[in-house]
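**Q** Return atomic coordinates for the entry below.
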Amino acid sequence: MSAAPRFRVELARTEADVRAAQRLRYEVFVEELGGNGEMVDHAARLERDRFDPFFDHLLLRDATRGGAVVGVYRLLRQDAAARAGQFYSEDEYDLAPLRASGRPLLELGRSCVARSYRGGVGLYHLWQGLARYVEAHGIEVLFGVASFHGTDAQALAQPLSLLHHRHLAPPELRVRARQAHFQRMDLIPEAEIDRPTAMRAVPALIKAYLRLGGCVGEGAFVDHAFNTIDVCLVMDTARLSARQRALYSGEDAR
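**A** The predicted model follows:
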């Protein structure tokens, strides 16, 4: 008899589910990374914002810990973005190319996994749940901001330049950072990039999207409130290879 699965992935259904997601986000984005925001509740240890009611919250639960929430994704479809008045990342990026494409869009955000679960298969289980969600809603293009810790662009010149020179989105999907906080990413000529060093400095989540064929928009956004430098990742599901599709759908997860 096979063992019961350790992980399950499901959408938040209750306010308690959403609060569990917000508590994990507080641990990661506030305690670990030093972020803050107008609606962050330090007393209750909740990282939240005005967009939470419009997002679907995809939860990774550990059955061996009573179904504790150990991973989170926020998912925002176009109809929900219309009710919210915008996509979350439109404060940072001009999404005109994506909107003009006429293709079904899904914004991803606040992706995080509890510290003790990183480097394992938890993220792949989240991706498997995400893949089911994408298929169910006919999504074609996924996008969202991902972050480097800190706001010193020169300290991140190697990885930012690598992303710009090797992974820039095609023109039809190339969103651009808002001018008020625009940070050039081509800080080093391509020939001068030390690729191993640059890749070691790229956060694991961004590297995972690159392996899936993801690309980045033009320019980074310096977010002083969250103590990060953000890049906008874009993934066209139609461009996934068979190998990438298997990875994305979690077929190789154990």
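**Q** pretty sure residue 106 is in contact with residue 74, am I right?
**A** No - counting by Cβ atoms under 8 Å, residue 106 stays clear of residue 74, with 10.5 Å between them. Where C-beta positions appear, they are placed from N, C-alpha and C, glycine not excepted.
**Q** per-residue pLDDT, residue 225?
**A** In this model, residue 225 is scored at 80, pLDDT.
**Q** residues contacting it?
**A** 35, 36, 37 (Cβ atoms under 8 Å, 6 or more residues apart in numbering).
**Q** ok, now with 6 Å
**A** By Cβ atoms under 6 Å, 6 or more residues apart in numbering, the contact set of residue 225 is 36, 37.
**Q** Could you check how far it is from residue 85?
**A** Going from residue 225 to residue 85 by Cβ to Cβ, to the nearest Å gives 20 Å.
**Q** number of nearby residues for residue 85?
**A** A count of nearby residues for residue 85, using other Cβ atoms under 10 Å, gives 10.
**Q** And for residue 58?
**A** 23.
**Q** All further residue positions should be reported with the first residue as 44.
**A** From this message on, residue numbering opens at 44, which makes the last subject residue 101.
**Q** looking at the sheet around residue 188, what are its partners?
**A** Beta-bridge pairing for residue 188 (DSSP bridges): residue 275.
**Q** For this protein, just list every one of the helices.
**A** Using DSSP state H, the helices found in the chain span residues 58-68, 121-127, 139-143, 165-180, 200-210, 238-243, 247-254, 285-292.
**Q** and the fourth one with helix 247-254, angle?
**A** For helix 165-180 against helix 247-254, the angle by axes from the mean of the first three to the mean of the last three Cα atoms, to 10 degrees is 50 degrees.
**Q** looking just at contacts, which helices and strands does helix 165-180 meet?
**A** With contacts taken as 3 or more Cβ pairs under 6 Å, 6 or more residues apart in numbering; DSSP states H and E, helix 165-180 sits against strand 50-54, strand 99-105, strand 111-120, helix 285-292.
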